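Participant: task: produce atomic coordinates for the following.
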Amino acid sequence: MVNPLKRPLRVLVAKVGLDGHDRGAKVIAAALRDAGMEVIYTGLRQTPEMVVSAALQEDVDAIGISILSGAHMTVFPRIISLMKEKGMDDVLLTGGGIIPDTDMQALQQLGVGKLFPPGTHTQEIANYISGWVAEHRNF
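Facilitator: Have a look, this model is predicted:
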């Protein structure tokens, strides 16, 4: 996917809540870097407020949340709500982890982008982010 911006895509990768398993998030962060994106990894135990604040400060094009704790129906709605409050309508909120299909659909109806289950090829994730940014942040 061609990047329409005159700079690398900026993606914030975060682990929210008490979920202490971050190997997947680090793999995704490395894969996105390999795809030419600039990645800001916030580390473990972030709050939704911390994630949105960091995303604003870093002027990111996308936020990727890795979640394995089962708190996805709390975390994603809170982040999307904070993003709307801050006028971040042109920033993608995506992510992945252990999220049932029915919950993925409900979250997408709230405005969350595509969510990826474990085992998704990293190139698919990079292509999705690039395509979304090309369509929504072409400035």
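Participant: from now on I want contacts and neighbour counts done on CA atoms only, so please keep to that.
Facilitator: Will do.
Participant: so where's the protein uncertain?
Facilitator: 1-5, 138-139 (pLDDT under 70).
Participant: just want the most central residue of it.
Facilitator: residue 64 (1.5 Å; Cα atoms, centre = their mean).
Participant: ok, the residue lying closest to residue 51 once chain neighbours are set aside - contacts?
Facilitator: Spatial nearest neighbour of residue 51, excluding adjacent residues (Cα to Cα, 6 or more residues apart in numbering): residue 14 at 6.9 Å. Counting by Cα atoms under 8 Å, 6 or more residues apart in numbering, residue 14 touches 25, 41-44, 46, 51, 63-66.
Participant: what are the ranges of the strands in this protein?
Facilitator: Using DSSP state E, the strands of the chain run over 10-15, 38-41, 62-67, 92-97, 115-116.
Participant: residues making contact with the last one?
Facilitator: This points to strand 115-116. By Cα under 8 Å, 6+ apart, strand 115-116 touches 94-97, 104, 125.
Participant: change it to 10 Å
Facilitator: Strand 115-116 is contacted from outside by 64-66, 93-99, 101, 103-105, 107-108, 122, 124-125, using Cα atoms under 10 Å, 6 or more residues apart in numbering.
Participant: what of stretch 19-27?
Facilitator: 13-15, 28-33, 41, 43-46, 64-71, 95-97, 118-119, 122.
Participant: what residue in the protein is the furthest from its centre?
Facilitator: Extreme point of the chain relative to centroid (Cα atoms, centre = their mean) is residue 6; 21.2 Å.
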